[in-house]
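Colleague: Here's my sequence, what's the structure:
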Amino acid sequence: MNRIIIIFFLAVLISCTRCSNFPEEPSPETLTVMSFNAENLFDSVKQGNEYPEYNPENGRWNDRNYTDKLLQVGRTIRDSVPEEKGPHIIAFQEIENKNVLNELTKGLLRESGYKYVIASDNRDSAVNTGFISRFPCAYTKYHTPYIAPYGSMRTIIEAAFDIGGQQLIIFNNHWKSKIGEESELQRKASAHTLITR
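Modeller: Prediction:
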């Protein structure tokens, strides 16, 4: 039986369809998916594309700031579904890179069972999107809208998770805010990419 569920909340679009490519695995009675804007979760290593206030070389962002931020994010996730030590899948916005998610899963969330980490790596953007999950990912696709003269927009991640023989497809987006004509053009480019997909 095919089921389609479409939910649009914050920056995540979810759809669920039957998938026959995976062996049957136990499904949870309730599946929890969280969208989390981490509000600039940057590590303490200079990459070169950080916002100025998160550049560790200027002294305003350092190891202590980063560790405190990881603890804050980890506690929020763990406490959101205390009986499960966090949601099954989390879609992040405003992370710097995959490294911050790896450190998060190995730190405060190490007992929460997050074995799978996915992140975009768009060097044209200071912030990226990503996932941590207890379920394996069947595939990921990275869609980076482009509009002249502004260049590449923030990457949209399409990820398909195997949930007990069904495929849960999540599109993780983080569009520009609704400020100004330039932003509107960029948002339309992102919307076009998502609708086309």
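Colleague: Report the buried residues of stretch 133-145.
Modeller: Neighbour counts using 16 or more other C-beta atoms under 10 Å place 133, 134, 135, 137, 142, 143, 144, 145 of stretch 133-145 among the buried residues. (C-beta placed from N, C-alpha, C; glycine too.)
Colleague: any idea of the mean pLDDT for stretch 28-48?
Modeller: For stretch 28-48, mean pLDDT rounds to 92.
Colleague: buried set for it?
Modeller: Across stretch 28-48, burial judged by 16+ other C-beta under 10 Å covers 31, 33, 34, 35, 36, 37, 38, 40, 41, 42, 43.
Colleague: which residues does residue 113 contact?
Modeller: Neighbour list for residue 113: 85, 134 [criterion: C-beta atoms under 8 Å, 6 or more residues apart in numbering].
Colleague: What does the pLDDT read for it?
Modeller: Per the predicted model, pLDDT is 94 at residue 113.
Colleague: please renumber so the chain begins at 693
Modeller: Noted, 693 is the first residue going forward, which turns the last one into residue 805.
Colleague: Tell me the secondary structure at it.
Modeller: Reducing the assignment to helix, strand or coil with DSSP: H, G, I helix; E, B strand; the rest coil, the entry for residue 805 is coil.
Colleague: How much space separates it from residue 770?
Modeller: Noted for residue 805: a distance of 11 Å to residue 770, by C-beta to C-beta, to the nearest Å.
Colleague: any chance you could map the strands in this structure?
Modeller: In the chain, the strands defined using DSSP state E lie at 699-701, 704-710, 725-733, 781-787, 808-811, 820-825, 829-835, 838-839, 843-844, 848-855, 858-864.
Colleague: so which of the ones you listed gets nearest residue 751?
Modeller: Across the strands of the chain, residue 751 has its closest neighbour in strand 725-733 (17.0 Å, C-beta to C-beta).
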